[in-house]
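1. Give me the fold of what follows.
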Amino acid sequence: MNPETYGARTVKRDRRTKSDVELLNQQIIQVLAEDHPQSVRHVFYRMTDPRLPVNVEKSDRGYRHIQDRCVKLRRCGRIPYGWIADATRIGFFVNTFSGKGDFVRSMASHYRADLWADADSRCEVWVESRSIAGVSAAPSFSIST
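-> Coordinates of the predicted model:
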């Protein structure tokens with residue numbers, strides 16, 4: 001053999017079977033059904049539990065695999081889009097109304113009394129990262145109303 005070239009080597013990669021992928025899908029669905037919305041990162045960490053029948057390695061590769069499974073489960077309709085929190089995408093739009101009455105009804109639904117105006121303290125909710133912001137926004141909003 002020429003020292004400049006080398007021969008092919010066998011690389012054994014452990015691949016999940018179709019039944020393992022389906023079981024992983026079911027585990028993801030179960031985690032999200034119990035508590036949603038959740039970030040993909042949260043689902044990933046739940047799937048790294050070694051006690052699960054099909055667990056995922058705690059690495060970038062494992063994270064990408066869970067991301068891929070979540071995308072596929074959302075696109076095929078097995079998990080609702082709202083079950084995955086995504087605080088990185090914000091929609092921009094302009095409110096329009098069918099008439100003056102529609103405008104007044106809409107504005108009335110947005111009115112919130114400032115219950116904290118005369119309080120001696122101020123309540124703030126801080127989160128460590130944007131990945132959990134989507135999960136904590138709704139409960140935080142209920143504190144202020």
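
2. List the residues that contact Arg74.
-> By C-beta atoms under 8 Å, 6 or more residues apart in numbering, Arg74 lies in contact with Pro80, Tyr81, Ile84. Any C-beta I mention is one placed from the backbone N, CA and C, and that applies to glycine too.

3. For the first one, give me its contacts.
-> Contacts were defined as C-beta under 8 Å, 6+ apart; by that measure Pro80 touches Arg74.

4. roughly how far apart are it and Asn25?
-> 15 Å (C-beta to C-beta, to the nearest Å).

5. hmm, back to that, Asn55: which of the contacts of Arg74 is nearest?
-> Ile84 (20.1 Å; C-beta to C-beta).

6. Run through the bridge partners of that closest one.
-> Taking DSSP bridges, one obtains Gln38 as the residues bridged to Ile84.

7. Could you check how many residues crowd around it?
-> 21 (other C-beta atoms under 10 Å).

8. same question, Phe97
-> Applying other C-beta under 10 Å, we find 12 residues neighbouring Phe97.

9. next one: Ser121
-> Counted with other C-beta under 10 Å, residues neighbouring Ser121 total 6.

10. you'd agree it is in a helix?
-> No. Ser121 sits outside any helix when classified using DSSP: H, G, I helix; E, B strand; the rest coil, being coil.

11. Mind listing what's buried along the strand or helix carrying Tyr45?
-> Secondary structure assigned from DSSP states H and E places Tyr45 in helix 40-47. Buried residues in helix 40-47, counted by 16 or more other C-beta atoms under 10 Å: Val40, His42, Val43, Phe44, Arg46, Met47.
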